[in-house]
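Participant: Take a look and give me a structure for this.
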Amino acid sequence: MATIAAKDVAALRAKTGIGMMECKKALVEADGDVEAAIKILREKGELKAQSKIANRIAADGIVDIMKEGNVTAMIEVNSETDFVAKNEKFKEFVKALLQTIIANKPADVDALMAGKYVDGTVTVDEKLKEMIFVIGEKISIRRFVVVEGITSTYIHGAGSIGVIAKFDTDVADKDGFAEFAKNIALQIGAYPTPYIARENVPASVIEAEKEIIKTQLANDPKMAGKPEKVLEGIVMGKLGKYYEANCLVDMGYVKEDDMKVGKYIENTAKALGGKIAVVEICRFEKGEGIQKKEEDFAAEIEKLAGGNK
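Facilitator: Alright, predicted model coming up:
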């Protein structure tokens with residue numbers, strides 16, 4: 001049996017990021033063979049990733065953004081707890097994923113997982129399993145987006161919301177544009193923004209909204225007997241409120257409530273002497289749409305008490 005020196009354990013830990021004790025165990029099992037020890041650690045990571053951890057809900061985590069040249073990438077990586085989301089190793093992993101995405105521009109999450117991790121030694125899937133092994137929580141790469149061109153970004157707090165706004169403009173180099181672009185990204189971060197303008201809302205969505213409004217009016221006794229033309233006017237008025245809540249240019253500007261975002265864009269373009277159009281918006285909110293487990297504390301207390309009163 002080979003003698004395992006402390007420096008060998010430290011070297012393996014530096015290479016894998018895995019704890020000293022696990023590294024020592026792997027080296028002992030591999031009889032001092034470093035490559036074999038790495039393989040053992042990866043196999044353990046694979047097993048842990050496929051264990052009951054896989055069935056847990058990961059609804060925490062972070063949204064992060066990276067920009068290199070004219071390429072901007074945003075990603076959401078989920079963990080089970082906020083504690084892990086604040087872990088430096090976890091945050092470094094997310095940054096490395098962004099580097100990988102910018103370098104390789106994978107088509108989707110499956111392609112990202114199958115591709116090489118930024119260090120070139122393993123696939124992203126293998127690295128993810130190593131991270132699950134090291135941290136002991138379920139970690140999942142949920143989604144990412146890559147935007148090329150003139151962009152502005154915004155991250156709220158410690159990564160709870162991330163925004164990319166893309167512009168078609170000929171004044172990006174003018175003083176004042178950077179502040180304007182940042183304000184637009186901040187606006188999108190402050191309010192969920194499905195569409196840029198009315199013309200971007202699908203016809204099916206508009207028709208569905210009209211039907212909802214018509215049903216509401218039909219159930220309102222005050223609307224009984226109103227002429228069809230009047231009811232249609234009310235429908236269109238309420239539809240305008242829908243646009244104000246869901247279309248960027250129709251929203252009230254977050255820093256000046258009495259001004260629409262569209263007017264702010266128009267005024268800035270005029271002041272800078274060129275054209276500005278928002279052509280793409282991406283907004284990720286951490287954990288949105290993920291069904292979180294709700295604990296029944298009363299039932300848990302009763303369980304701990306053995307069900308006895």
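Participant: what sits up against stretch 103-110?
Facilitator: Residues outside stretch 103-110 that contact it (CB atoms under 8 Å, 6 or more residues apart in numbering) are 112, 115-116, 118, 141-144, 146. Placement of C-beta: from N, CA and C, glycine included.
Participant: how about the strands in the stretch 51-200 of the chain?
Facilitator: For the stretch 51-200 of the chain, the strands defined by DSSP state E, counting those that start in this stretch cover 62-68, 71-79, 139-148, 150-156, 161-169.
Participant: for the fourth one, which positions count as buried?
Facilitator: What it means is strand 150-156. For strand 150-156, the neighbour count (16 or more other CB atoms under 10 Å) marks 150-155 as buried.
Participant: for stretch 242-249, what is the average pLDDT?
Facilitator: Averaging pLDDT along stretch 242-249 yields 94.
Participant: Give the buried residues for it.
Facilitator: When burial is assessed from 16+ other CB under 10 Å, stretch 242-249 yields the following buried residues: 242-243, 246-249.
Participant: how close does the residue lying closest to Gly274 once chain neighbours are set aside sit to Ile150?
Facilitator: Leaving out its chain neighbours, the residue that sits closest to Gly274 by CB to CB, 6 or more residues apart in numbering is Val171, at 3.7 Å. Taking CB to CB, to the nearest Å as the measure, Val171 and Ile150 are separated by 10 Å.
Participant: Next: Ile290.
Facilitator: Between Ile290 and Ile150 the distance is 32 Å, computed by CB to CB.
Participant: pLDDT value on Glu294, please?
Facilitator: In this model, Glu294 is scored at 45, pLDDT.
Participant: now Lys270
Facilitator: Reported pLDDT for Lys270: 97.
Participant: the inter-axis angle of the helix or strand that contains it versus strand 161-169?
Facilitator: Assigned by DSSP states H and E, Lys270 belongs to helix 261-272. For helix 261-272 against strand 161-169, the angle by axes from the mean of the first three to the mean of the last three CA atoms, to 10 degrees is 50 degrees.
Participant: which other residues reach helix 261-272?
Facilitator: Helix 261-272 is contacted by residues 169, 171, 174, 176-177, 180, 183-184, 187, 197, 248-253, 256, 275-278 when judged by CB under 8 Å, 6+ apart.
Participant: Would you write a ChimeraX line that selects the buried entries of the residues you listed?
Facilitator: Applying 16+ other CB under 10 Å to these, the buried members can be selected in ChimeraX as follows:
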select :169,171,177,180,183,184,187,248,249,250,251,252,253,276,278
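Participant: which ones among the contacts of helix 261-272 are found in helices?
Facilitator: Among those, the members falling in helices are 177, 180, 183-184, 187 (criterion: DSSP state H).
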